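K.L.:
Predicted structure and sequence below. I'll ask about it afterward.
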Amino acid sequence: MRGLSVPSTHTYMIRTLQKLYFAAKQRFKLSTLKVGGHTGNPGNDKADELADWGVNHQTRIGRHSETPARPVTIPPRPLDPQWLAPLSLSQQTSHLLQSIKTASQAELPKQPLIQRKSYISPETWKKITDFHEDTSPFNDRQRATASKQIKKDARKDKAKHTLEALLDDVKAPPHQKWNTIKNLRKGFCPKPTALKDPHGILKPPEQRAELLAAHYSNKLWTTPPPPNIVHMPRTPIADHPPPIDLSPFTLTELEFVLHKVKNRRAPGPDTIPSEFWKWTSPTFKEHILMLLNSCFLGASSPDEWNEAHIVAILKPKKDPLLPESFRPIALCNAIYKIYASLLQQTRLSAALDSSLRTTQYGFRANKSTAQPIFVLRQILDLHERHQGKMHFLFLDWSKAFDSITHENIEIALQRYEVPEPFTKAITALYRAPTFRVKNGSDLSSLHPQQRGIRQGCPLSPYLFIIVLSCLMHDVEEEYTSKFELLPNPFSASSPLWDLEYADDTVLFSPNPVTLQRLLHILQHHAARIGLLLNLDKCEHLQLNTEQDIYFRDTEQGQCQCSTCFPGSPVPHGPPVPVSAIVKYLGVYLSQKARAQTDITKRLAITYASLKVLRPFFESRDIPADWKFTIYGQVLRAIVLYAVQSETLTAAQNVKLDTLHYRVLRNITHTKTTFYHKVVNPNDTPSSNMDISKKPLT
C-alpha cells in the first residue's frame, strides 16, 4: 500500500488490495505469503520488513521458485469511460441493476422454502390432520378434549423448538445470534385483514392495498387547498455558507457509506437488497460511483428512484380497521438510499450540523435522548427543591413527517445558505415522487406523493430537523421583536425555552403568560409550513402551580387573543390538557420530580421481558457468557435507560439489585438462599454476594 492514499476503512483497504492483486496477477506470476501481527512490533513491522525485502531482492517463498522483484504499485485495469457515458441516467441504472441480477442468479443458490410453523412435530401434526379428517360422531366434550390436547402438544413443541433454536443461535454467525431473542421479545403481532373505506364499509383483504394508497394520496400526502398554501420566510439564518464540498464523490466516501448500510433490510421496487451492492467488485463500484456522480453533478436522478413501495405499520393502540391508523414506511431502492446517504453523511451533516439549533438533539452526531432528558430533569429538580413554579408543554405534532411541503424543504436549505448546486441535487429527489402500497404480494396502482418526506429514506430525517430548526428560529425572532426577553430557567445570559428530539417538542417557562405567547406564535408559524398540533395529545405538566395555558383560537393569521394583545376581546382557544405524569422519550416525568414512577414502570417492563426470556436464561446448554451478553443488552438496557440523570433512593437501588440477582440466579441455576439451606444445608453458600463472585463457567 505504499505510495497510495491510506484507506479510511478495512473494507476499502481490502478492496484496494484485491484490485491491485488481480491487476498484477494478469501481468506477472505471483507468490504470496500470509504474515500475521507480531507481539512487540508496532505497526506490523514484520510485514513492512518483508515488503522492503521483496522490492529489492529475489526471495523464495515456501516451495515456490524464485520470483524477481516487482513494483509495489501496479496500476489496475483502466475503467472504460465509454461504457455508461452515452446512456441516460435511467439507462445507466437499468444496466447496473440487470448486471447485478444476472450475477446474483448465476452465483447465489436459491434458498428452499421453509414451513411456516416449523416447530410443529410430526406427531402433533398427525393429531391435527386426524382431528380435521375424522367424521365420526364425537360429542362436544370429546372434541373439546381433543382440541385442548392438541394445543397443549403444540405449546410443548414450540417450547422445545425455541430451546433448540436458542442453542443453534449460540453457534450461528454474529448476524444470526439474535434471531430467536428478537422473536421472543416481539410477541404476537396480529395481521389485520378487512379495512373500512371512506364510507365506513368493510372491504375484503384483496382491496386493502388500494384503499390505503387512496387514503395516503387523497388525504395524507395531497396538496393543501390554495388559501392554506403559505411558505416560511426566506430571510437567511446562517451568517455564512456552510463549507459543503461540491466536488465529485470519491471511492473512499462510497466505501464508507456502503460499510454503514444495514443488511437484511427489505428491498425497494427493484428487488435488489443492499448486500448485493456491497458484494460488487472494485471495478463495478467505480461504475456505481460514475452513476452517482452523474446524478450529483447534474442535479438529477433516474426515473426509477421516484417510486417507492409503502408498507403500512399499525400504530400502537389504534383501530386496525381504519386506514389512518397505519404509519406509512417507504421501501426505497438500495442504490437510492446509498446516494441519499452520500449526500447526508459525507457532505451535508458534516458542514451544516454546527449551524442548526442547539436544542435539537434528533438525528445528529454525538447527540442522543439522554441529553434532553437530563436537561428536563435538572429543571424539575431545581424548581422542586426551591419550590419554584414551572410550566412544561409537551407538544404532539399531527403527522409531522407527512405534512411539510417540498417547497419548504428547499426554502429551509436556502435559508441556511446551502450552495445552490447541492440544494438542487437534494430537491431533485423530491421532484416527482410516487408510491405503491405493498400488502403481502399485492401492489396498488401508482399514486403521486405531493408533500411529506419518506419515512425510510436516510436523508429525510435530517431534512426534517432543518425545517424544524427554521421554524423554531422564526418563533424566537418574532417573540423577541414583540416581547423582548426569553425565558431563562438557569441563567439570564443563556435563554432556554424549548427542547426537541426530531418532532418531540417541549416548551417550558416559569411564566404562564410567556409560555402561552410562545405557544401561539409557534402554532402560527407551524401552520404556514403545514404542521398542526394534536390538541388532545398535547400535555401540560404543572410544577408548584395550577394555572392553565390555552391554545390559540385559530391556526391561521396573527393571534389576537388577550394574552398576545392585552385588552383584546378575542377569546382563547381550549386549554392544554393537564397531566400529573408525562411520558417523554421513553421516560416518565411527574409533578413531584421523583424517579419512583419511572423506575416502577421500567421494572415492570423488564420483568415482563425476563418472563418471556425465561427458557433462554434457564437453559443449561447455553454458555453463561452469552446469557450475560443478552442480559446486558436487553434487560439492563431497559431498566437503566436514562438512569444516569436520575436521583435514586436507597429503596429504588435495592429494587434494581433485586432484579440483578434474580437474573444471576437464573443464569447460575441457584435457588434462593432459604430454599438452598433447607434442601442442601451442607452445600456451598448461595447469598447474593456469593452468586456475584461465581465465575462464568
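P.N.:
Now that the structure is in, tell me what you want to look at. Numbering: from 1, shown residues only.

K.L.:
surely F483 meets R517?
P.N.:
Yes: applying C-beta atoms under 8 Å, one finds F483 in contact with R517, separated by 6.3 Å. C-beta coordinates here come from the backbone N, C-alpha and C atoms, glycine included.

K.L.:
count of neighbours near P86?
P.N.:
8 (other C-beta atoms under 10 Å).

K.L.:
Name all residues that make contact with Q92.
P.N.:
Neighbouring residues of Q92 by C-beta atoms under 8 Å, 6 or more residues apart in numbering: L84, M290, L291, S294, P302.

K.L.:
Quickly check these for the two that are furthest apart.
P.N.:
Greatest spatial distance in those: M290 and P302, 13.2 Å, computed using C-beta to C-beta.

K.L.:
higher neighbour count, these two?
P.N.:
Per other C-beta under 10 Å, whichever of M290 and P302 has more neighbours is P302, with 21 against 18.

K.L.:
what's that one sitting at in phi/psi?
P.N.:
phi -60, psi 150 (degrees, to the nearest 10).

K.L.:
Quick one: residues contacting it.
P.N.:
Taking C-beta under 8 Å, 6+ apart as the definition, contacts of P302 comprise L89, S90, Q92, T93, C295.

K.L.:
now the residues you listed in TSV, with pLDDT, secondary structure and distance to R347?
P.N.:
Output for those, formatted as TSV (pLDDT from 0 to 100; DSSP: H, G, I helix; E, B strand; the rest coil; distance: C-beta to C-beta, whole Å):
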residue	pLDDT	secondary structure	distance to R347
L89	89	helix	20
S90	90	helix	24
Q92	89	helix	22
T93	91	helix	21
C295	94	helix	13
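
K.L.:
Now a ChimeraX select for only the buried ones of these.
P.N.:
To isolate the buried members of the contacts of P302 in ChimeraX, using 16 or more other C-beta atoms under 10 Å:
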select :89,92,93,295
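
K.L.:
And the furthest pair within the contacts of P302?
P.N.:
Maximum distance among the contacts of P302 (C-beta to C-beta): 11.0 Å, for S90 and C295.

K.L.:
quick one: contacts for T514?
P.N.:
With C-beta under 8 Å, 6+ apart, T514 has these contacts: F483, P487, W497.

K.L.:
Now with 7 Å, please.
P.N.:
Going by C-beta atoms under 7 Å, 6 or more residues apart in numbering, T514 touches P487.

K.L.:
And the pLDDT at it?
P.N.:
The model reports T514 with a pLDDT of 93.

K.L.:
Beyond the helix or strand where it lies, next helix or strand please.
P.N.:
Using DSSP states H and E, T514 falls within helix 512-528. Remark: after helix 512-528, the chain's next helix or strand is strand 532-533, criterion DSSP H and E.

K.L.:
For the helix or strand that comes right after that following strand, which outside residues touch it?
P.N.:
Stepping forward along the backbone from strand 532-533, the first helix or strand reached (DSSP H and E) is strand 539-543. The contact list for strand 539-543 (C-beta under 7 Å, 6+ apart) reads 380, 383-384, 389-394, 549, 576-579, 582, 589, 591.

K.L.:
Regarding F435, what is its secondary structure?
P.N.:
Following DSSP: H, G, I helix; E, B strand; the rest coil, F435 is assigned to strand.

K.L.:
Walk me through the domains of the chain.
P.N.:
10-106, 226-582, 595-692 (automatic domain parsing).

K.L.:
export those domains to TSV and tack on distance to L184?
P.N.:
Formatted as TSV, these follow (distance: least, C-beta to C-beta, whole Å):
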stretch	distance to L184
domain 10-106	32
domain 226-582	18
domain 595-692	5
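
K.L.:
most packed of those?
P.N.:
Comparing the domains of the chain by mean neighbour count (mean count of other C-beta atoms under 10 Å), domain 226-582 comes out on top with a mean of 18.

K.L.:
residue contacts, the residue nearest to A526 when sequence neighbours are not counted?
P.N.:
Spatial nearest neighbour of A526, chain neighbours left out: L471 (6.1 Å); criterion: C-beta to C-beta, 6 or more residues apart in numbering. Going by C-beta under 7 Å, 6+ apart, L471 touches H525, A526, I529.

K.L.:
Flag the shaky bits of the stretch 501-650 of the chain, pLDDT-wise.
P.N.:
555-557 (pLDDT under 70).

K.L.:
Show me the helices in the stretch 301-450 of the chain, by range?
P.N.:
334-341, 349-352, 370-385, 400-403, 406-415, 420-427 (DSSP state H, counting those that start in this stretch).

K.L.:
What is the longest one packed up against?
P.N.:
Taking 3 or more C-beta pairs under 7 Å, 6 or more residues apart in numbering; DSSP states H and E as contact, the helices and strands that helix 370-385 lies on are strand 498-501, strand 539-543, strand 587-590.

K.L.:
cool, the first one as well?
P.N.:
The contact analysis (3+ C-beta pairs under 7 Å, 6+ apart) places helix 334-341 against helix 251-260, helix 274-278.

K.L.:
okay, the angle between it and helix 420-427?
P.N.:
Inter-element angle recorded for helix 334-341 and helix 420-427: 140 degrees (by axes from the mean of the first three to the mean of the last three C-alpha atoms, to 10 degrees).

K.L.:
so helix 334-341 versus helix 251-260, what angle?
P.N.:
Using the same axes, to 10 degrees: helix 334-341 against helix 251-260 is 120 degrees.

K.L.:
As CSV, could you dump the C-alpha coordinates of helix 334-341?
P.N.:
Coordinates of each C-alpha in helix 334-341 appear next as CSV, following Å, rounded to 0.1, in the frame of the first residue of the first chain:
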residue,chain,number,x,y,z
ALA,A,334,-31.0,0.4,-2.2
ILE,A,335,-29.0,2.4,-4.7
TYR,A,336,-31.2,5.4,-3.9
LYS,A,337,-30.5,5.0,-0.2
ILE,A,338,-26.8,4.8,-0.9
TYR,A,339,-26.9,8.1,-2.9
ALA,A,340,-29.0,9.8,-0.2
SER,A,341,-26.6,8.6,2.5
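
K.L.:
Can you tell me what sits against it?
P.N.:
By C-beta under 7 Å, 6+ apart, helix 334-341 touches 257-258, 261, 267-268, 272-274, 277, 292, 295, 305, 429, 457-459.

K.L.:
do the same with the last one
P.N.:
Residues from elsewhere that reach helix 420-427 (C-beta under 7 Å, 6+ apart): I244, L246, F296, A299, L343, E410, L413, Q414.

K.L.:
Kindly report the same for the fifth one.
P.N.:
Judged by C-beta under 7 Å, 6+ apart, the contacts made with helix 406-415 from elsewhere in the structure are 231-232, 234-237, 423, 426-427, 430, 451, 463, 466-467, 470, 529.

K.L.:
now do the fourth one
P.N.:
With C-beta under 7 Å, 6+ apart as the test, helix 400-403 has contacts from L220, W221, R451, G452, I453, Q455, F464, D503, G530, L531.

K.L.:
Thanks a lot, catch you later.
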